[in-house]
Structures are given as structure tokens and as C-alpha cells.
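Engineer: Dropping a prediction and its sequence here:
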Amino acid sequence: MKEVSKLLGYRESIKVVDATLRDGGLVNDFYFTDEFVKKLYQTNIDAGVDYMEMGYRASKKVFDESKFGKWKFCNDDHIREIVGDNDTNLKLAIMADIGRHDKDDFDQKVNSPVDLVRVAAYIHQMPEAIDMIEDAAKKGYETSCNIMAISHAQEEDMRVALDMIGKTPVDVIYIVDSFGSIYPEQMARIADLYLEFAAKYNKKVGIHAHNNQQLAFANTIEACGDGVDWLDGTYLAMGRGAGNCAMELLLGFLKNPKYKVYPVFKFIEDYMMKLKDDGIVWGYDLQYLMTGQLNQHPRTAIQFTKDKRRDYAEFYKEIYE
């Protein structure tokens with residue numbers, strides 16, 4: 001049985017990461033106003049959040065810059081326009097998506113406001129991910145590796161990948177429930193596997209959950225109780241498709257007095273509700289539940305949503321395999 005103190009969520013080693021701009025940007029093509037981003041930045045400071053992910057640093061050789069807001073590309077100048085010298089306790093992160101990034105777009109850390117480079121990769125992309133991790137670490141950044149779609153991976157393949165990553169200078173290895181298909185009892189076993197390799201190589205473990213089955217929060221606090229220290233959340237659970245673990249739930253769960261929930265509720269009231277009012281759609285719905293239950297990428301459910309379909313039973317027949 002786990003110690004009650006662990007389940008209560010208080011550990012000095014816990015770090016909370018706000019992924020609203022990056023994962024939420026997948027909902028609105030990263031068209032956030034500077035006012036929104038500045039207020040989100042200040043809210044994270046006021047709420048005691050540890051890291052703020054500013055977006056992707058996607059390659060302009062891969063993506064058409066005219067079709068996305070600037071947080072898709074998230075250069076250092078754009079970040080400085082928001083944070084200045086960032087003379088605060090809040091650290092800043094960006095994501096490099098393997099196959100969609102260019103490591104030459106990353107300057108030396110001494111010249112950048114970014115603290116943490118989060119490398120996202122599928123299990124078959126580990127060699128490329130390791131190359132990016134080593135390059136970012138050499139430039140002076142903290143690094144993490146988000147291994148995506150682990151619900152499709154075999155345990156032996158996961159062990160090989162974790163051993164490969166463990167030998168790199170990476171600081172944090174992330175459990176990512178990309179399809180929102182994992183249940184808490186599964187998460188407990190997965191967390192134990194990650195923590196085994198983290199202990200072997202002196203790394204931290206993080207979790208990034210999706211809410212297809214309304215389990216993002218449950219999986220996050222399960223992992224936290226098991227010893228996972230880095231916890232991702234987004235305001236009002238904004239993220240691709242069904243969204244993520246809600247920041248307001250997560251900070252309410254954690255018992256460290258440095259975390260404050262009032263600024264979170266105020267930001268949601270003033271800014272997140274406006275996004276909803278403007279017709280930006282994300283969050284739990286039947287189509288996302290279906291892809292989660294079937295352990296599928298939510299792309300079909302996202303299209304279902306864009307098409308404003310309501311024939312849920314027919315959609316289930318279409319995607320059932």
C-alpha cells in the first residue's frame with residue numbers, strides 16, 4: 001500500500017509544467033494574442049507553476065509560417081517580447097518535435113531565455129531524439145524526452161528505449177498517454193517501469209496525460225503517488241482533442257503551499273472562457289472517448305468535430321477495428 005503522504009501530493013521534488021500554449025495551440029493553430037500570453041505568463045508566476053512551455057520550435061522548412069501563429073515557431077525574440085529578462089522563479093520551456101524541427105534553430109542557452117528543451121518522439125525515433133537531446137544539452141539547456149504513444153508499445157521495446165535514453169544527458173523522461181487510452185492501474189505499472197530506469201540512470205520521470213476517457217487527472221495523480229515528479233497540466237484542460245490534465249485540478253490536489261489556485265481561476269474566468277465563447281472547441285466528447293477506448297490516434301475524432309457531426313454511433317462503426 002502506498003504511503004498516505006505520497007497520495008496527498010506533497011513533495012518538494014514535484015515540478016508543475018504548464019503546457020497550455022503548446023498543447024492548446026494545436027486547437028487554434030497557435031493564434032494566441034500577446035495579451036493572452038502575457039497574462040498566462042503572469043498567472044503561472046502568481047500560481048507558483050514551475051515551468052511554462054511557450055510552444056513548439058517547429059521548422060519553417062516543414063511548416064508554412066503563414067498558416068500558424070508565432071507560438072508554433074516560438075523564437076527567442078518572440079519569447080522576450082513576453083517575458084523580458086524573466087527575472088522570476090518561473091522557468092521557460094519549448095518543444096522540439098522529432099522530424100518537424102531543426103536543431104540549428106536552437107542557439108546556445110547563454111543567448112536564450114529558454115531553460116528547458118522538451119524533445120517529443122515516437123519510440124522508433126529514439127536515435128533522432130537522442131541526437132537532439134545531446135545537442136540541446138551541449139548547448140546548455142535542461143532537457144526532457146516525451147516518448148509518445150506508449151499505449152502502442154510493447155514492454156520490451158519500452159525497456160530498450162528507456163535504456164537508450166537513460167544513457168543520454170536527458171534530465172526528465174516523460175510518460176505520454178497520447179491517445180488517452182491508459183487506465184490508472186496500467187499507469188501504475190508504466191510508472192514503475194519508468195522509475196526503474198530513472199533510478200538506474202539518476203533521471204526524473206514526468207507525465208503528460210490526455211483526457212479522452214476523463215482520466216487525465218486520475219492518471220496524473222496516480223503517477224504522482226507512484227513517485228513521478230514532473231506533472232503537466234493546462235488551463236481548463238485546453239489541448240489537442242479531448243485536452244489534458246486540468247491545471248485547476250492539479251494545483252488543487254497538490255498540497256505544497258507555494259501553489260495557488262485563485263490566480264488560475266481568475267485567468268480561466270477572464271481569458272479561457274473567452275476562447276470558449278469565441279468558438280474554439282476542445283475537451284471531452286463522445287468521439288474522443290471512442291478513439292481512447294480503441295487506443296487510436298484522435299485525428300479521426302478531431303475531423304469529426306471539425307465537420308460538426310453528431311452521428312456518434314455511425315462514427316464508432318467507421319473507426320471500430
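Structural biologist: Good, I have the coordinates.
Engineer: only C-alpha atoms for contact and neighbour calcs from this point on.
Structural biologist: Fine.
Engineer: Checking Glu53 next. Helix, strand or coil?
Structural biologist: The local conformation at Glu53, judged by DSSP: H, G, I helix; E, B strand; the rest coil, is strand.
Engineer: Near the spatially closest residue to it that is not a sequence neighbour, how many other residues are there?
Structural biologist: Leaving out its chain neighbours, the residue that sits closest to Glu53 by C-alpha to C-alpha, 6 or more residues apart in numbering is Ala93, at 4.4 Å. Other residues near Ala93 come to 25 when the count uses other C-alpha atoms under 10 Å.
Engineer: three-state assignment of Ala93?
Structural biologist: Classified using three-state DSSP, Ala93 is strand.
Engineer: I figured it was touching Arg57, is that so?
Structural biologist: No. Applying C-alpha atoms under 8 Å, one finds Ala93 not in contact with Arg57, separated by 10.2 Å.
Engineer: ok, and what's touching the longest helix along the chain?
Structural biologist: In the chain, with assignment by DSSP state H, the single longest helix is helix 184-201. Contact partners of helix 184-201, identified using C-alpha atoms under 8 Å, 6 or more residues apart in numbering, comprise 159, 162-163, 166-167, 173, 175, 203-205, 215, 218-219, 222-223, 226-228.
Engineer: Identify each buried residue in it, please.
Structural biologist: For helix 184-201, burial by neighbour count (16 or more other C-alpha atoms under 10 Å) applies to Pro184, Met187, Ala188, Ile190, Ala191, Tyr194, Leu195, Phe197, Ala198, Tyr201.
Engineer: can you pull out the helices in the stretch 101-250 of the chain?
Structural biologist: Here the stretch 101-250 of the chain has its helices, by DSSP state H, counting those that start in this stretch, at 126-138, 155-166, 184-201, 216-226, 247-253.
Engineer: now, of those, which is deepest in the fold?
Structural biologist: helix 216-226 (a mean of 24; mean count of other C-alpha atoms under 10 Å).
Engineer: could you check the angle helix 184-201 makes with that one?
Structural biologist: 40 degrees (axes from the mean of the first three to the mean of the last three C-alpha atoms, to 10 degrees).
Engineer: Can you give me the domain assignment for this structure?
Structural biologist: 11-283, 285-321 (automatic domain parsing).
Engineer: Mind listing what's buried along the last one?
Structural biologist: Judged by neighbour count using 16+ other C-alpha under 10 Å, the buried positions of domain 285-321 are 285-292, 294-298, 300-302, 304-305, 315-316.
Engineer: What about the residues you listed, which are in helices?
Structural biologist: Using DSSP H, these in helices are 286-292, 300-302, 304-305, 315-316.
Engineer: Format those as a markdown table; extra columns: pLDDT and distance to Gly279.
Structural biologist: Formatted as a markdown table, those follow (pLDDT from 0 to 100; distance: C-alpha to C-alpha, whole Å):
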| residue | pLDDT | distance to Gly279 |
| --- | --- | --- |
| Leu286 | 98 | 18 |
| Gln287 | 98 | 18 |
| Tyr288 | 98 | 18 |
| Leu289 | 98 | 21 |
| Met290 | 98 | 23 |
| Thr291 | 98 | 23 |
| Gly292 | 98 | 24 |
| Thr300 | 98 | 20 |
| Ala301 | 98 | 17 |
| Ile302 | 97 | 15 |
| Phe304 | 97 | 16 |
| Thr305 | 96 | 12 |
| Phe315 | 98 | 23 |
| Tyr316 | 98 | 25 |
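Engineer: Where does pLDDT dip in the chain?
Structural biologist: Scanning the chain for pLDDT under 70 picks out 1-9.
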